[in-house]
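Enquirer: attaching a predicted model along with its sequence, questions to come.
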Amino acid sequence: MANLDVALKSAMSIEGAIGVALVDYTSGMTLGVAGGSAELDLTVAAAGNTDVVRAKMRTIEMLKLTDGIEDILITLDTQYHLIRPLSSRSGKGLFLYLAVSKTRANLAFARHQLRLIEESLEL
């Protein structure tokens, strides 16, 4: 089991990682951040992506789907942004947000690694 600091460092070791955050989507607050750049303020990006998560959660509820969200992918010109809601009871209302370089990252591997990090995260 990994604590938050270890989990964030593990996410930053993913090839092409730009930044990662653990976010509370009920408030939009970040609980932890690693990386980022002058072009990517992770706190602002994470807060903005809470709207994406909330909208998808509402849509699933309105459709009465029993599926949960595994992850959400946002593809930009030069980056992939992965949003992974935590599925554990202690992670309810939280998501991992990872931005990776499109040219340096392997998307399938980044998704796989983020899933492993989420599974090992102990809150």
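Expert: That came through fine. Numbers count the residues shown, from 1 in each chain.
Enquirer: every contact and neighbour count from this point should use C-alpha atoms.
Expert: Noted.
Enquirer: ranges for the strands of this structure?
Expert: Counting by DSSP state E, residue ranges of the strands within the chain are 17-24, 30-35, 72-75, 79-85, 94-101.
Enquirer: tell me which residues of the second one come out buried.
Expert: Right, the one you point to is strand 30-35. In terms of neighbour count (16 or more other Cα atoms under 10 Å), strand 30-35 has its buried residues at 30, 32-35.
Enquirer: ok, now the last one?
Expert: Residues of strand 94-101 classed as buried: 94-101 (neighbour count, 16+ other Cα under 10 Å).
Enquirer: and it, which strands flank it?
Expert: Based on DSSP bridges, the pairing partners of strand 94-101 within the sheet are strand 17-24 (antiparallel), strand 79-85 (antiparallel).
Enquirer: what is the residue sitting nearest the centre point of the chain paired to in the beta sheet?
Expert: In the chain, the residue lying closest to the centroid (Cα atoms, centre = their mean) is Tyr97, at 2.1 Å. Tyr97 has these beta-bridge partners by DSSP bridges: Ala21, Ile83.
Enquirer: thought it was touching Leu22?
Expert: Yes: when contacts are counted by Cα atoms under 8 Å, Tyr97 is listed as touching Leu22 (6.3 Å).
Enquirer: any idea how far the closest residue to Phe95 other than its chain neighbours lies from Thr75?
Expert: The spatially closest residue to Phe95, leaving aside those adjacent along the chain, is Pro85, at 3.9 Å (Cα to Cα, 6 or more residues apart in numbering). Pro85 sits 18 Å away from Thr75 when distances are taken as Cα to Cα, to the nearest Å.
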